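S.K.: 3D model of this:
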Amino acid sequence: ARAGFGLGYVAGAGFFLPLLVWTGEDVGPVPWLALALIEAVFIGVAGAATALVTRLPAWPLWAAAVWTAVEGLRARLPFGGFPWGKLAFGQADGFFLPLAAVGGTPLLGFAVALCGFGLAEAARRVWRRRRPAAEDAPAPARGPRRIVAIAATGAAVALPVVGSFAALPLVSNAAEEGTATAALIQGNVPRLGLDFNAQRRAVLDNHARRTAQLAEDVRAGRAPRPDFVLWPENSSDIDPYANADAHDVIAGAVRAIGAPTAVGTVIAPETGTLRNTMLLWDPARGPVAEYDKRRVQPFGEYIPMRGFVRIFSSDVDRVRRDFGPGHEPGVFSMAGTRVGLATCYETAFDRAVRDVVTGGAQVISVPSNNATFGRTEMTYQQLAMSRVRAVEHSRTVLVPVTSGVSAVIRPDGTVAQRSEMFTPAALVAEVPRRSSLTPATRLGAWPEAVLAALAVAGLTGAVRFRLRARRDATA
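M.R.: I've put the predicted structure just below:
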């Protein structure tokens, strides 16, 4: 177990350090290194637990359950968790992707881990057969035990493959309640980095200008008329309730396009925390509904243990006022289409996305702001998550982003349209409205709970096995 932890930690560091390098963009290496090395601890724990269960029969099954359970812990601890880099999110182009519709990201990750551990065991058996046996080496299992072990290894590889084929009928792009024409606005930002927040009016003007250009294209017949329009997170960092000029700019753009528009803004009450809010803006009535982001990012949108963290990096003071979380799922009724909202960071969390689908969303929107992270891989990693969510809930996922990559993702996880980074764009697409619920949506957290129970059972059996072996050795 000690060796498993050490090797697992090294593997975790080797995974998270390159994966999360974007977190140090513009704030230096300290946050990046701290986050990556803390997250690597979870992989160390998975390594230690895997070392214990490898002594059990059919160990790939127990090891895959352990991996899934540790990912569940990582998605919850500390500070609400950090699911970024879950095994399932690497499967946007993978063979096992249809399994997301059966049991969500826990089952998808479990299938990948099970197949991987099964292949590892198969390779180990081939290696042992070819390697000359040492005189004092224990004889390999024979007879029924060997047959059972080989069958279990084969099943570990075959079951995820068969399951993926069986799940294919759940993946569909068909419209169940007609279609709608959606427009995604990417206004771009004046320049890269955190300083874009000091240019809030320029960001707002960019999105208003690109919306007005789309309106001109519609009138000229160069683009279809959208039923609804989506702006990204932070497209107006100026509170339109408190600033008449921002209100007028947004209202003018929405009137020009003539369609209900979701606008990402920051609401700044006189007291209390800030709110990262999506406003539903009606062309005639102005703002008519709100959604406050529920999963706010620790050390990005709010600073836990501010005084302690300041010892290591003064960059925490760039976040002068913390954001507070919302409490209700956001589903906007936009010209007859119910659009569910999972703002940026929220797409990494299973429950945050599922809540809007069970709340009646026919289409999912993931409004995001990645200007802070420049031209790093962050936007592509988040896009992969959104593609997995599309299959998980069999919904079109629309990703309007301030500076790229914005995208229209079909329910089967394929990308129908996408923009380029740091380029103003307007994506207009006809999307299916869907209302049926996949097994993953209906089951919610149950697959993860079952796999966690399986991991606990395996670890309990492994500990009992070791204790019994020690007693026998000392008897």
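
S.K.: flag every buried residue along the strand or helix carrying Ile38.
M.R.: If you go by DSSP states H and E, Ile38 is part of helix 29-53. By 16 or more other CB atoms under 10 Å, the buried positions in helix 29-53 come out as 31-36, 39-40, 42-53. (Each C-beta comes from the backbone N, C-alpha and C, glycine too.)

S.K.: which residues in this structure form strands?
M.R.: Using DSSP state E, the strands assigned to the chain run over residues 179-186, 228-230, 261-267, 275-282, 286-292, 330-334, 337-341, 363-365, 397-399, 407-409, 415-418, 425-432.

S.K.: domains in this structure, by residue range?
M.R.: What automatic domain parsing lists as the domains of the chain is 54-133+141-170+445-474, 179-441.

S.K.: now the angle from the longest helix anywhere in the chain to helix 29-53?
M.R.: Under DSSP state H, the helix in the chain containing the largest number of residues is helix 100-130. Put simply, helix 100-130 runs at 60 degrees to helix 29-53, going by axes from the mean of the first three to the mean of the last three CA atoms, to 10 degrees.

S.K.: can you report how many residues neighbour Phe95?
M.R.: Neighbours of Phe95 under the rule other CB atoms under 10 Å: 14.

S.K.: contacting residues around it?
M.R.: 161, 164 (CB atoms under 8 Å, 6 or more residues apart in numbering).

S.K.: buried sites along the least confident helix or strand in the chain by mean pLDDT?
M.R.: One helix or strand of the chain scores below all others by mean pLDDT, DSSP states H and E: helix 306-310, with a mean of 79. If you call a residue buried by 16+ other CB under 10 Å, then helix 306-310 has these buried ones: Val309.

S.K.: likewise for stretch 120-127?
M.R.: Buried-residue list, stretch 120-127, by 16+ other CB under 10 Å: 120-122.

S.K.: and of these, the nearest to Val316?
M.R.: In terms of CB to CB, no member of those lies closer to Val316 than Ala120, at 42.0 Å.

S.K.: list the residues that contact the closest one.
M.R.: Pro60.

S.K.: so how far is Ala256 from it?
M.R.: Distance, Ala120 to Ala256, using CB to CB, to the nearest Å: 59 Å.

S.K.: what do you get for Met385?
M.R.: 33 Å.

S.K.: those two: which is more packed in?
M.R.: Higher neighbour count among Met385 and Ala256: Met385, with 25 against 18, using other CB under 10 Å.

S.K.: residues contacting Ala208?
M.R.: Ala208 neighbours (CB under 8 Å, 6+ apart): 187, 249-250, 252-253.

S.K.: over to Pro226?
M.R.: Pro226 touches 181-183, 214, 218, 257, 259, 428, counting by CB under 8 Å, 6+ apart.

S.K.: and the residues you listed, which two are the farthest apart?
M.R.: Most distant of these, by CB to CB, are Ala182 and Val218, 13.4 Å apart.

S.K.: between those two, who's got more neighbours?
M.R.: Ala182 (26 against 19).

S.K.: excluding its backbone neighbours, what's nearest Gly326?
M.R.: Closest residue to Gly326 apart from its sequence neighbours, by CB to CB, 6 or more residues apart in numbering: Asp292 at 2.7 Å.

S.K.: pairing partners for that neighbour in the sheet, please.
M.R.: Thr277 (DSSP bridges).

S.K.: and it, what does it touch?
M.R.: Contacts of Asp292 by CB under 8 Å, 6+ apart are 267, 275-277, 324-328, 330.

S.K.: closest one to Ile311 out of the residues you listed, please.
M.R.: Among these, and counting by CB to CB, the member closest to Ile311 is Gly324, at 24.8 Å.

S.K.: surely that closest one and Leu274 touch.
M.R.: Yes. Assessed by CB atoms under 8 Å, Gly324 is found in contact with Leu274 at 7.0 Å.

S.K.: off-centre distance for the least confident helix or strand of the chain?
M.R.: Relative to its chain's centre, helix 306-310 lies at 28 Å (CA atoms, centre = their mean, to the nearest Å).

S.K.: repeat that for stretch 309-316.
M.R.: Taking mean C-alpha positions (CA atoms, centre = their mean), stretch 309-316 and its chain are 27 Å apart.

S.K.: cool, and stretch 71-85?
M.R.: That offset, for stretch 71-85, works out to 11 Å (CA atoms, centre = their mean).

S.K.: list the buried residues of that stretch.
M.R.: 71-72, 74-75, 81-85.

S.K.: just the C-alpha atoms of it, please, in PDB.
M.R.: Provided in PDB are the C-alpha atoms of stretch 71-85 (Å, rounded to 0.1, in the frame of the first residue of the first chain):
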ATOM      1  CA  GLU A  71     -12.800  10.400  -8.100                       C
ATOM      2  CA  GLY A  72     -16.100  10.800  -6.300                       C
ATOM      3  CA  LEU A  73     -14.200  12.100  -3.200                       C
ATOM      4  CA  ARG A  74     -12.100  14.400  -5.400                       C
ATOM      5  CA  ALA A  75     -15.300  15.900  -6.800                       C
ATOM      6  CA  ARG A  76     -16.400  16.800  -3.300                       C
ATOM      7  CA  LEU A  77     -13.300  17.600  -1.300                       C
ATOM      8  CA  PRO A  78     -11.800  20.000  -0.400                       C
ATOM      9  CA  PHE A  79     -13.800  23.300  -0.800                       C
ATOM     10  CA  GLY A  80     -16.600  21.600  -2.700                       C
ATOM     11  CA  GLY A  81     -14.300  19.500  -4.800                       C
ATOM     12  CA  PHE A  82     -12.500  19.700  -8.100                       C
ATOM     13  CA  PRO A  83     -13.700  17.100 -10.700                       C
ATOM     14  CA  TRP A  84     -11.500  18.500 -13.500                       C
ATOM     15  CA  GLY A  85      -9.600  15.600 -15.100                       C
END
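
S.K.: give the contact list for Ser172.
M.R.: Contacts of Ser172 by CB under 8 Å, 6+ apart are 394, 411-412.

S.K.: if you could redo that for Leu274, that was the one I meant.
M.R.: Residues in contact with Leu274 (CB under 8 Å, 6+ apart) are 266-268, 321-324.

S.K.: just the buried residues of those residues.
M.R.: 266-268, 323-324.

S.K.: isn't Gly258 up against Ala284?
M.R.: No. Applying CB under 8 Å as the test, Gly258 and Ala284 come out as separate, 9.6 Å apart.

S.K.: of the two, who's got more company?
M.R.: The neighbour comparison of Gly258 against Ala284 (other CB under 10 Å) goes to Gly258, with 15 against 10.

S.K.: please report phi then psi for the more buried one.
M.R.: phi 70, psi 30 (degrees, to the nearest 10).
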